[in-house]
Structure formats: structure tokens, C-alpha cells
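Participant: Pasting the sequence and the predicted model now:
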Amino acid sequence: MSNLNITSVVTRGDGFVEAETDGEVVALNIDKGTCYGLNKIDSRIWALIAEPKRVDDICATLMAEYDVDSATCERQVLDLLEELRGEGMIESQEEPARSQQ
């Protein structure tokens, strides 16, 4: 499995039940019986990937909402998404190159 990059498309995996409290999400993997706590920004990313989303689109949204530069945002988002993918919480795919018209 290759590393995620800014053109990767990610979405939540199946089999999770979640609850939000004070802007933070707790997600329970029903099959594994494992519980994951997400801080406020991680929870925002979790909300953004309810539907398939490109990593660069996630970063664009976060940069509009928070005071963060592009390089820092991309690095931290990719680090989190790799961690979530390692736990089976997200699925990913490479998006085909966009055609130029």
C-alpha cells in the first residue's frame, strides 16, 4: 500500500458508530470493539471525510478555517490520515490524473 499524498481520495471506513461531545468525536469500531477519541481538528477532518474527499480539498477547507500554512497543514493532515488508515478507520484511493481541457 503506497503512502497517501495530496491527490489521494479518502473516506471513512465502514463499521463505526460515533458520538460527539464538546466538538470531539468518539468512534467505536463495532467489529473490533475498539474506541478512538478524536480531538477537535481530527473530528473536523472526520466530518469532512463522511463522503470521499481529496486530501488537498481537506487542506483547503482547514486553511480557510484555521490559521495554518499549506505545508504544515498538508503534513499534519497526511500524518493523521496515515494513522487512521493504519487503524482501518479510513479507505483511500489514488485519483486518476485530471484531464486538461
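Facilitator: Structure's in. What do you need?

Participant: Quick check: the closest residue in space to C73 that isn't next to it in sequence vs A71, distance?
Facilitator: Nearest residue to C73, sequence neighbours excluded (C-beta to C-beta, 6 or more residues apart in numbering): C59, at 4.7 Å. In short, each C-beta sits where N, CA and C put it, glycine included. Distance, C59 to A71, by C-beta to C-beta, to the nearest Å: 10 Å.

Participant: Neighbour count: the two, which is higher?
Facilitator: C59 (22 against 9; other C-beta atoms under 10 Å).

Participant: what's the following helix or strand after the longest helix along the chain?
Facilitator: Ordering each helix of the chain by length in residues (DSSP state H) puts helix 70-86 first. Going down the chain from helix 70-86, the next helix or strand is strand 90-94, by DSSP states H and E.

Participant: list the buried ones in that next one?
Facilitator: For strand 90-94, the neighbour count (16 or more other C-beta atoms under 10 Å) marks 90, 92 as buried.

Participant: export that strand as CSV, just CAs?
Facilitator: What follows is strand 90-94, C-alpha atoms only, in CSV (Å, rounded to 0.1, in the frame of the first residue of the first chain):
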residue,chain,number,x,y,z
ILE,A,90,-10.5,5.2,6.5
GLU,A,91,-10.2,3.9,3.0
SER,A,92,-8.2,5.5,0.3
GLN,A,93,-7.6,5.5,-3.4
GLU,A,94,-5.5,7.5,-5.9
